[in-house]
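A.B. asks: Here is the input, now give the coordinates:
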Amino acid sequence: MKPTSDFKLSRACLLIAAVVAFCCSERSPLFAEDLPDAQAIPFKIEPPFAWNRTDRYVPPDFKSFFSDDKEAGKQLDLMLEGKLKVTSIDERLALIRRGLRHCSKHRTTLLGQVGNQYIWNREQQDPRAIELMYHASASDNGSIASSAMYHGPTVVSQRSPNLVRMLMQQYPRLDAQKQRRIAWGMQTYGDKEQTRKLLLGLLDDYKQLNDSTLGAVLETYQAVFKTEPPELNRFDDVGLWVIGFHRTDVSATHPRAAEILREMAGQPLRGQEEMLLEYVTRVHEGWETAVVLLKGRKARRLLVGYLEKRKYTELDFNGLFSARVLQERRLNEFARFLPAGAPASRLPAYTRPSADQVYAYQAAEFVAPDYQACFADDVQAGQKLDELYENREKLSLTDRELLELFRRGLRRSSHRPNTMFGWISGALGWPRDPRLTEIFYQALDPKGPENVRKAALYYGFGLGTDKTRNVLRALFHVYMAPPFDDTTNRNMRSRILWSVRDHEDDKYYLSTLFAEALREHAKLSDVALQQADSAYKQLTGEDPPTADEYGARGMYLVMFGVEGASTIPASKQYVSQRLGASPLILTKKFLEENSEVSVMVLVQGSTGLDWLIKNLQAKPELPIYYAGLLTPEMVEKGNNLQEFKEFLPEESPEKN
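C.D. replies: Predicted structure coming up:
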């Protein structure tokens, strides 16, 4: 049971606030309402706005729009720290415009706040804020550009020709998530028919657009309206398209794997071989995977249609070719087909992995991750890795050299594990190198640093990644490893369950591991038992087979409100009548604040918790503010729970 968002914090409930406020409270807005201001404001954002002017197209220009003002950057820092009061919206947006380039922190959070406050889901979207986000989306700083695009142009309701054209020009440079968000925004916000007219207007003027932008319009139109635009044959020769596919009956060890896939790629293009510009193969997750570069929509349509009808054939990707695609998938062989001026890939070139080597994550028997053995304690390697990271746009190492340096230098790097794992994950892109997977796997060691395994989990084993039995067993051990406090580990555990959401076999296998642990529930501490029980229920939608055996384990705290009773005596009488004299209730505590009464009830075990929740949800329903296992950490942190300490077990099993 999660705490509700309308939980009213009071002085009497500071402990519960500390435990659940992060999940249930709404952050106060960064900006207040606009106030009139008669002063002249430097760099005030005023019309005509580039994003919606109709006389000509004005592309976003980060450098010209945002001033190079170091002093304004310091002022913006003070505003973000609450040390500088800026009253009107005009002043605030002007300060962001002047100071963003030299703001020392929170720039992406700041842009997110601008979007959430003035654009996203707002009935009246502020054109000044849209203008600011329009230009910020063209920043050379990837995080600034990404945050601005996400919270700004993609969710504008009153789209203009300039805004749509900008989105289509930016589209080839964006990652797949942002590309999908553009289509989602057009489906969700504003007049879809107006959006259709704007996209068709670009297609009617297609001779003014380059192939990449035109290809983006065609992709987006299809995604938004689930149909192809009219007169599509006009664009048969438009765009470069990259398609990856593999056969599930042809592994990378097959001696003719690459040849078989090459024959498949050429089959639908007989007589039109000039449409196939390049062909390479990669090894991904054990499969020989073909990657082809095609010229024109017609060639793409022919090949995709052919592959979709073939048995044992799966598409890995299918989209518009761009410099970003080349970098993310390390297709250096395709670099010569990039348009003039486009950046060449600076990621390590692809090296075909050895077919003979078997790693721990692939082993027939479970080999537990070992952080100490895998990651060397090498000061010199750590310094070299940091130097490499600082110059990461100019990598000159091979992928094998990079992975070896990462393995040796991670422990002594001055950067956070989340930063370094995120970088190495992106630096090697697709396909997933088995050596990289092994590094991620070894980092899952529960005996290793918590921030290391969190980063490895996030970047290495998310939704959509193939997981061996050993990986799933390692994730189980991470899930069951202390510490169990929600503030640092709730996200890690929920991500493990989320990562197998779409794969029934993985869900089933993981659930069997939790069931196995619950069969030996006497070896588990109360908190570990609660974690395993919860995981099994989430994975299967059912109670564990042994649930009745441990239903009395643990003390559960439930906090709820008593509507209609404004005094403690009245609340006591009502609660006594409502709950009766159940033996499941260990104790009750009543708190009064501003004529509102909250009740804390401590019940015995999950059986008591289920009974109490069911009672409170019966008519007339009472608002539940919090429900969870009482732990020593909770009692220690809050004065209002000190009297519950006597109900905690003196000693709990340590094994998990």
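
A.B. asks: So what touches the helix or strand Gln113 falls within?
C.D. replies: Element membership for Gln113 (DSSP states H and E) is helix 107-118. Helix 107-118 is contacted by residues 29-31, 76, 80, 89, 93, 96, 100, 103, 125-126, 128-130, 132-133, 136, 141, 143-144, 146-148, 150-152, 155 when judged by CB atoms under 8 Å, 6 or more residues apart in numbering. The way it works is simple: take the backbone N, C-alpha and C, and place the C-beta from them, glycine included.

A.B. asks: same check, this time on stretch 154-163
C.D. replies: For stretch 154-163, the external contacting residues (CB under 8 Å, 6+ apart) are 50-54, 57-58, 115, 119-121, 125, 130, 134, 153, 167, 178, 181-182, 184-186, 188-190, 194-195, 198, 201.

A.B. asks: Apart from its neighbours in sequence, what residue is nearest Ser322?
C.D. replies: Pro172 (3.8 Å; CB to CB, 6 or more residues apart in numbering).

A.B. asks: avg pLDDT for stretch 178-187?
C.D. replies: If you average the pLDDT over stretch 178-187, you get 96.

A.B. asks: in the stretch 151-300 of the chain, which spans are helices?
C.D. replies: With DSSP state H, counting those that start in this stretch as the criterion, the stretch 151-300 of the chain has helices at 161-170, 176-188, 192-204, 211-225, 257-266, 297-308.

A.B. asks: Just put those helices in CSV and tack on distance to Glu390 and mean neighbour count.
C.D. replies: Converted to CSV, the helices of the stretch 151-300 of the chain look like this (distance: least, CB to CB, whole Å; neighbours: other CB atoms under 10 Å):
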stretch, distance to Glu390, mean neighbour count
helix 161-170, 27, 22
helix 176-188, 26, 17
helix 192-204, 41, 16
helix 211-225, 31, 21
helix 257-266, 38, 17
helix 297-308, 40, 18
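
A.B. asks: need these in a markdown table with distance to Glu643, can you?
C.D. replies: Output for these, formatted as a markdown table (distance: least, CB to CB, whole Å):
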| stretch | distance to Glu643 |
| --- | --- |
| helix 161-170 | 59 |
| helix 176-188 | 49 |
| helix 192-204 | 59 |
| helix 211-225 | 58 |
| helix 257-266 | 69 |
| helix 297-308 | 66 |
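
A.B. asks: mind checking which of the ones you listed is nearest Glu387?
C.D. replies: Among the helices of the stretch 151-300 of the chain, the nearest to Glu387 by CB to CB is helix 176-188 (30.5 Å).

A.B. asks: In contact with the residue nearest to Tyr279 when sequence neighbours are not counted: list those residues for me.
C.D. replies: Excluding the flanking residues, the one nearest Tyr279 by CB to CB, 6+ apart is Val292, at 5.2 Å. Contacts here follow CB under 8 Å, 6+ apart; on that basis Val292 touches Val242, Ile243, Gly244, Ala265, Leu276, Glu278, Tyr279, Leu303.

A.B. asks: quick one: the closest residue to the fifth one other than its chain neighbours from Met275, how far?
C.D. replies: Nearest non-adjacent residue to Leu276, counting by CB to CB, 6+ apart: Leu269, 5.6 Å away. As judged by CB to CB, to the nearest Å, Leu269 and Met275 stand 6 Å apart.

A.B. asks: Which neighbours do these two have in common?
C.D. replies: Ala299.

A.B. asks: and the two? which has more neighbours close in?
C.D. replies: Legend: neighbour count by other CB atoms under 10 Å for Leu269 and Met275, higher for Met275 (21 against 18).

A.B. asks: give me every residue that touches that one.
C.D. replies: If a contact means CB under 8 Å, 6+ apart, then Met275 has Leu269, Leu294, Lys295, Gly296, Lys298, Ala299 as its contacts.

A.B. asks: rerun at 7 Å
C.D. replies: Residues in contact with Met275 (CB atoms under 7 Å, 6 or more residues apart in numbering) are Leu269, Leu294, Lys295, Gly296, Ala299.

A.B. asks: Dump the residues you listed to CSV, plus pLDDT and distance to Ala515.
C.D. replies: Listed next are the contacts of Met275 as CSV, based on pLDDT from 0 to 100; distance: CB to CB, whole Å:
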residue, pLDDT, distance to Ala515
Leu269, 96, 52
Leu294, 97, 49
Lys295, 96, 54
Gly296, 95, 54
Ala299, 96, 51
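
A.B. asks: Closest one of these to Asp399?
C.D. replies: Relative to Asp399, the closest of the contacts of Met275 is Leu294; by CB to CB it sits at 26.4 Å.

A.B. asks: ok, now which ones touch that closest one?
C.D. replies: Applying CB under 7 Å, 6+ apart to Leu294 gives the contacts Trp241, Ile243, Met275, Leu276, Leu277, Arg300, Leu303.

A.B. asks: rerun that using 8 Å as the cut-off
C.D. replies: The contact partners of Leu294, by CB under 8 Å, 6+ apart, come to Leu240, Trp241, Val242, Ile243, Met275, Leu276, Leu277, Arg300, Leu303.

A.B. asks: which residues of the stretch 351-500 of the chain score low on pLDDT?
C.D. replies: By pLDDT under 70, the low-scoring segments of the stretch 351-500 of the chain are 485-490.

A.B. asks: Tell me which stretches of it form strands.
C.D. replies: Assigned by DSSP state E, counting those that start in this stretch, the strands in the stretch 351-500 of the chain number zero.

A.B. asks: The helix or strand hosting Met133: which residues count as buried?
C.D. replies: Per DSSP H and E: Met133 is located in helix 127-136. Within helix 127-136, the residues scored as buried using 16 or more other CB atoms under 10 Å are Pro127, Arg128, Ala129, Ile130, Glu131, Leu132, Met133, Tyr134, His135, Ala136.

A.B. asks: same check, this time on stretch 482-502
C.D. replies: If you call a residue buried by 16+ other CB under 10 Å, then stretch 482-502 has these buried ones: Phe484, Asp486, Asn489, Met492, Arg493, Arg495, Ile496, Leu497, Ser499, Val500.

A.B. asks: burial measure for the closest residue to the fifth one other than its chain neighbours, as a count.
C.D. replies: By that I understand Arg493. Closest residue to Arg493 apart from its sequence neighbours, by CB to CB, 6+ apart: Tyr479 at 5.4 Å. Tyr479 has 25 neighbours, counted by other CB under 10 Å.

A.B. asks: Next one: Tyr479 from Gln573, what distance?
C.D. replies: 44 Å.

A.B. asks: Surely Asn318 is in contact with Val304, unless I've mixed up the numbering?
C.D. replies: Yes: contact criterion CB atoms under 8 Å: Asn318 and Val304 qualify, at 6.0 Å.

A.B. asks: Tell me the residues that contact both of those two, please.
C.D. replies: Counting by CB under 8 Å, 6+ apart, the residues touching both Asn318 and Val304 are Ile243.

A.B. asks: Number of residues surrounding Pro369?
C.D. replies: Other residues within reach of Pro369, judged by other CB under 10 Å, total 26.
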